[in-house]
Each structure stands twice: as C-alpha cells, then as structure tokens.
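Asker: no FASTA, just this:
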C-alpha cells in the first residue's frame, strides 16, 4: 500500500534512482523474494544466513516494480529498476515512518515479554478486523524488519492499526518507535526474557517503557496486572493516562466457568463472555483486549459476538485433539514465565490420560541460562506430571533440577527433537496428553507430524486390516 512511484520513493529516502521512464506506483514492500507480488518494492536486506541481493533475479521474475539495494553488492539483473541506499534496513524504517505520518488510523502499540502476538490478534479481532477498518501486523512482524512492513501494508483509509513491538537488545525500541509512534500502548507483562541481549530485568523494563513514553498526551497506556511496580522508575516521564487492566485473580472479573476450552467470565461494565480459550493467561489477555476495544468504541454486544472468532497464533498453545492423543503445541518460543503457564495448561486439561511434558531449551537467556532452567525444578516437582522428557542442554538442566526437587514420575533426557521422536515412539500410550514447549530453534514443532500419525485410529493407518484385539459386535 506504499502508493509512491519508484522515483518518489528514491526522493523520500535520498537514494539514487537507477531506472528509466515513468513507472506506476509501488504496490507494497517486502523483504522475502518468495512473497513478491507484481508491483512490489523488494528490499534486499543483508542477513546473518543469507543476503537479499542474491535473490534480485527471483524478485524480478515475480514482477517486482523496483528493488532497494546497496551499491557495489554484485551484479544486478538487467532491466530491474533499483534505488541505491547505504543501509536498506534503515531505509525501510524511513519508509514506514513516512507512511505512518500519512495514516489516519489510531495506532495501538503492544509490547511486553510474553503474550504480545496473542494480545495483538485478540485486540484486532475485537476491533472487528479489516471489515471494520482494523488492520494488524501479520504473524510476529514485530522487529526492525517486520514492523515497518506491517505499517507499509496498511491502507491509508484504515481506522485502527494494531502493532507489536518486539526487542532483543537496548536501543531497538527507540528505533521501532521512530518508525511507528503509537497513539495508545499496552504492556502485557514484564518478565525475564532475552537476557542474552538485554542483560538484566531492569533493562528489559526500561526499554519496554520507551513505548509507553512515546504515547502522546490524550492517549492511554494500558498495563497488565503485573506491570505496575516494574515500570515505576520510568512512568514519571509518561504524559499519557495510565490504566491498570483488570486482574481476574484479584476481583477484577469473575470466572463463571473455569474450564480450558470453554471459559465463561464476567467483566465489570462489559458483561459476560464465553471464550474458546485454553489457558487462564489467555483469558487475562482477552480481558485486556476487551477493555481497550471498549475504550475505542466497541459495544459490549459486539465484543461478545466476536469472541467466537478469537484465534491464537500457530505454535502458541495450539491444542490438537486427535483420536488417541491430545497435544498442546507451544513450541514457538519459551521463557520461564511462559514455561510455567504452559505447564499449568497441561495440568488443567480435561481427561484422565497421562500428562507428558516434553520440554526443551529456552534460548537467549545469557549468563544466567543454566540458573533460569534449574529454577523451574520446583515448579515441575509440584505439578501432577506422569512423564518428563528433557530435550537438549536446557531440558537436562530442568530434568535434573526437578529430580532434586522431589519429582517422582519417570524422567527421560534426549539430545534433540529427533531423539525425542524416537523415545516417544517407545513411550506413547493411548490417551496421553502431551505438551511441547521450548524455544523455536529446538524444533519440537517437528514432532507434530509424527504425533498426528501415531494418534490416528488403527483403521486409518492399517487400511482395512482387522484388529485382532476386537471382536464382532
């Protein structure tokens, strides 16, 4: 939705335009050559594993209207219009900032250490989605390359834009805010994550607070129930009004039905809601999203009607109920707080099958990596699990700490996801309820194909071959 011609784009960026003739406005902006559509601007980003300049030919073949490149980075395909800039990533942010200034939309910025993507999707749904002029960042487009693409994909006539601001190191939030200043902000939670880049919890809170500081007077900063004290050193700089969101654990709401998959709650001034959610922390996120949507003008009956449309992102508490197994896939990312929340979900699932936790390493924990894994030992020992499988070094630390804390069920340790699959092949029993939880790089999500195949009835895997254990009816 850029709407600028390649020549105009070059002028905005102060780049050198290498092309000929009058070209039509660029349609969109992408950094992945596989996603290029005719008329898009392809931004060739240098990366840790590859370089976008290697894929200029593919982008051209897919119909790119122009490419944003650095000078002297190898040969370029003949006939591909290009804009030369010193830093394509910085230029991408400049384009986003320019587009943000053109938008009439109210921008709602979400950050925090857990729950950002789910909160973003819930809020966008409750605001009515594209049918009601609300747009949101796709998937987890929350980084210095992802967030500007979300901004640039937003139509000029949008009424709301819900963005997710994700950071791994100091300085990143300030750059994201420069690309897309929010009108309102929501900090979902503040816990220890990304310690490898952030260093300590205080730095996390300070950097996250930059989003709230960017909200103008007349806007609102919404804080999750656990955020208030964590931001005290910095909230004096905020000029927006602060709202502490309902805490369902402390009288801020009421559970009428406390069952995973079918929660029923009452929120003050908003009414009653039936929620197809799996975990209490998802209910907390819904309550926050509902309050913010109501402040944006959504009526309680509209909120209730949209509850059935709530969807969690893939890999975040995706609940697969197959004939012989139930699997909770929460293997997209991991932190200590998210690990505890996922274990609670497993233990609260309805059913009498064994509870099997397959837990892997939590990445980006810095010098305290071993300690944060070992700290989960008592949490594991206090829960009614029937089998614990630790994957990788982090899994081994958790398993050992659980054993030392008095965990009495069987414990198994494996090196990687492939070994976990081989072990599960031996250990699985009908009716098992399984949790997959680790950072994405561990690859536990790759177990889903095997688990789904194992979980099918014998007739589905053995064609029409009769089961010798079954008699005629």
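Answerer: All right, it came through fine. Given the structure is predicted, the values throughout are model-derived calculations rather than measurements.

Asker: residue ranges with poor pLDDT in the stretch 1-150 of the chain?
Answerer: Per-residue confidence for the stretch 1-150 of the chain (pLDDT under 70) gives these ranges: 1.

Asker: That one: strands as residue ranges?
Answerer: 16-18, 29-30, 41-43, 66-69, 82-84, 106-111, 134-136 (DSSP state E, counting those that start in this stretch).

Asker: Just checking: what are the partner strands of the longest one?
Answerer: In the sheet containing strand 106-111, its partner strands are strand 160-164 (parallel), strand 184-187 (parallel), by DSSP bridges.

Asker: how about TSV for those strands, with mean pLDDT added?
Answerer: Shown next, in TSV, are these (pLDDT from 0 to 100):
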stretch	mean pLDDT
strand 160-164	98
strand 184-187	98
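
Asker: Redo those as JSON lines? Include mean neighbour count and distance to residue 451.
Answerer: All C-beta atoms are positioned from the backbone trio N, CA, C, and that covers glycine. Compiled in JSON lines, the strands paired with strand 106-111 are given as follows (neighbours: other CB atoms under 10 Å; distance: least, CB to CB, whole Å):
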{"stretch": "strand 160-164", "mean neighbour count": "27", "distance to residue 451": "29"}
{"stretch": "strand 184-187", "mean neighbour count": "28", "distance to residue 451": "35"}
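
Asker: Turn these into JSON lines, including distance to residue 10.
Answerer: Formatted as JSON lines, the strands paired with strand 106-111 follow (distance: least, CB to CB, whole Å):
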{"stretch": "strand 160-164", "distance to residue 10": "26"}
{"stretch": "strand 184-187", "distance to residue 10": "33"}
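
Asker: Which one, of the ones you listed, ends up nearest to residue 45?
Answerer: Of all the strands paired with strand 106-111, it is strand 160-164 that lies closest to residue 45, at 19.4 Å by CB to CB.

Asker: how close does the residue nearest to residue 102 when sequence neighbours are not counted get to residue 344?
Answerer: The spatially closest residue to residue 102, leaving aside those adjacent along the chain, is residue 156, at 6.0 Å (CB to CB, 6 or more residues apart in numbering). Taking CB to CB, to the nearest Å as the criterion, residue 156 is separated from residue 344 by 43 Å.

Asker: for the strands of the stretch 1-150 of the chain, which one sits closest to residue 208?
Answerer: Of all the strands of the stretch 1-150 of the chain, it is strand 106-111 that lies closest to residue 208, at 5.4 Å by CB to CB.

Asker: Just the residues contacting that closest one, thanks.
Answerer: Outside strand 106-111, the residues that touch it by CB atoms under 8 Å, 6 or more residues apart in numbering are 100, 116, 119-120, 123, 159-167, 173, 180-188, 208, 211, 214-215, 292, 296.

Asker: cool, stretch 57-73 as well?
Answerer: 6, 9, 13, 15-16, 19, 23-24, 26-27, 33-34, 36-44, 46, 51, 53, 56, 76-77, 79-88, 91-92.

Asker: For it, buried residues please.
Answerer: Of the residues in stretch 57-73, those buried by neighbour count under the rule 16 or more other CB atoms under 10 Å are 59, 60, 62, 64, 65, 66, 67, 68, 69, 70, 73.

Asker: Same question for stretch 287-302.
Answerer: Using 16+ other CB under 10 Å as the burial criterion, the residues of stretch 287-302 that qualify are 287, 288, 289, 290, 291, 292, 293, 294, 296, 298, 300.

Asker: Name the nearest of the residues you listed relative to residue 322.
Answerer: Minimum separation from residue 322 among those (CB to CB) is found for residue 289, which lies at 29.9 Å.

Asker: immediately after the helix or strand where the closest one lies, which helix or strand?
Answerer: When secondary structure is defined by DSSP states H and E, residue 289 falls within helix 280-295. Following the chain from helix 280-295 toward its C-terminal end, the next helix or strand by DSSP H and E is helix 300-306.

Asker: Name the next helix or strand following that next one along the chain.
Answerer: In the C-terminal direction, the helix or strand that comes right after helix 300-306 (DSSP H and E) is strand 318-321.

Asker: OK, contacts around the spatially most central residue of the chain?
Answerer: Within the chain, one residue has its C-alpha closest to the average C-alpha position: by CA atoms, centre = their mean, that is residue 117, at 3.6 Å. With contacts defined as CB under 8 Å, 6+ apart, the neighbours of residue 117 are 139, 140, 142, 164, 313, 316.

Asker: Mind giving me the ChimeraX select for the residues you listed, buried ones only?
Answerer: Only the buried members of those end up in this ChimeraX selection, burial being decided by 16+ other CB under 10 Å:
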select :140,142,164,313,316
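
Asker: can you pull out the helices in the stretch 101-250 of the chain?
Answerer: Under the criterion DSSP state H, counting those that start in this stretch, the stretch 101-250 of the chain carries helices at the ranges 116-126, 146-152, 172-179, 195-198, 201-213.

Asker: how about those, which one is nearest residue 445?
Answerer: For residue 445, the closest of these is helix 116-126, at 15.4 Å, according to CB to CB.

Asker: That closest one to helix 280-295, inter-axis angle?
Answerer: With axes from the mean of the first three to the mean of the last three CA atoms, to 10 degrees defining the directions, helix 116-126 sits at 40 degrees from helix 280-295.

Asker: for helix 116-126, which positions count as buried?
Answerer: Taking 16+ other CB under 10 Å as the basis for neighbour counts, the residues of helix 116-126 that come out buried are 116, 117, 118, 119, 120, 121, 122, 123, 124, 125, 126.

Asker: Next, the contact list for the spatially closest residue to the first one that is not a sequence neighbour, please.
Answerer: Read that as residue 116. Sequence neighbours aside, residue 164 is the residue nearest to residue 116 in space, at 4.9 Å (criterion: CB to CB, 6+ apart). For residue 164, the residues meeting the contact criterion (CB under 8 Å, 6+ apart) are 109, 110, 111, 116, 117, 120, 137, 140, 141, 142, 147.
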